[in-house]
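# Provide a 3D model corresponding to the input given below.
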Amino acid sequence: MLDLIILSIHFFICFLISIAIWHGAKDADLYSSSTGTAETGPDGLIFIGKEEDIKKSGRITAKIDGREIVVFYHEGKYHALDSRCYHEGGPLCQGEIEDIDGQACIVCPWHKFKITLETGEGLYEGINPLKPSPTPQWQSKGVKQRVHKLTIDNGSVYVCPPDLSVSFDSDYFAEKYKTGGELAMGK
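Residues are numbered from 1 along each chain as shown. Alright, predicted model coming up:
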């Protein structure tokens, strides 16, 4: 009988652990103007969070009119990008930041695509046929990921609404995951 009780407790604990893993760490859907909870600041800017909170966590996700963005704090600078990778929609909020040729880049956790935080350029290692070298060098694919302009005012971080008159490759996945339920926010 004791064996049955121990086995049941073990099963229950494993079940709870699997639920915790399945849910993963939750990024807050902090301020979604599509639900009317977004705070607007000076000049129509959208409030993302407090400076000290973003500095502590290193990154924060939010929604602006249903569009997922991620704000990174890295080496004293704030950077905001669409939260879904331009390649296949991987959750950039779960990626690692690496230095590549002096540029801070987010590495997509799904396929290891590298995107500069500053400009949204996609980078790859390759050999330029016009300037051949014995080892591959980092090359730019051009700007692939939408970068959002940030403003800091009195300890609050704001983002400008995106200018959708100019399109980027990441727009496809930003739109696809807009109302994606479990697909949204890195799940």
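
# distance of the residue in the chain sticking out farthest from the centre relative to residue 93?
Most distant from the centre of the chain: residue 1, at 50.2 Å, with distances by CA atoms, centre = their mean. Distance check for residue 1 against residue 93: by CB to CB, to the nearest Å, it reads 48 Å. To be clear about C-beta, it is placed using only N, CA and C from the backbone, and glycine gets the same treatment.

# what sits against residue 157?
Residues near residue 157 by CB atoms under 8 Å, 6 or more residues apart in numbering: 47-51, 54, 71, 78, 150-151.

# of those, which belong to helices?
Of the contacts of residue 157, the ones assigned to helices by DSSP state H are 51, 54.

# are any of the contacts of residue 157 buried, and which?
47-49, 51, 54, 71, 78, 150-151 (16 or more other CB atoms under 10 Å).

# name the SS class of the spatially closest residue to residue 90 that is not a sequence neighbour, please.
Nearest non-adjacent residue to residue 90, counting by CB to CB, 6 or more residues apart in numbering: residue 110, 3.3 Å away. Following DSSP: H, G, I helix; E, B strand; the rest coil, we place residue 110 in the coil state.

# now the helices for the chain?
2-23, 51-57, 170-176.

# pick out the shakiest of those helices, pLDDT-wise.
With a mean of 67, helix 2-23 has the lowest mean pLDDT of these.
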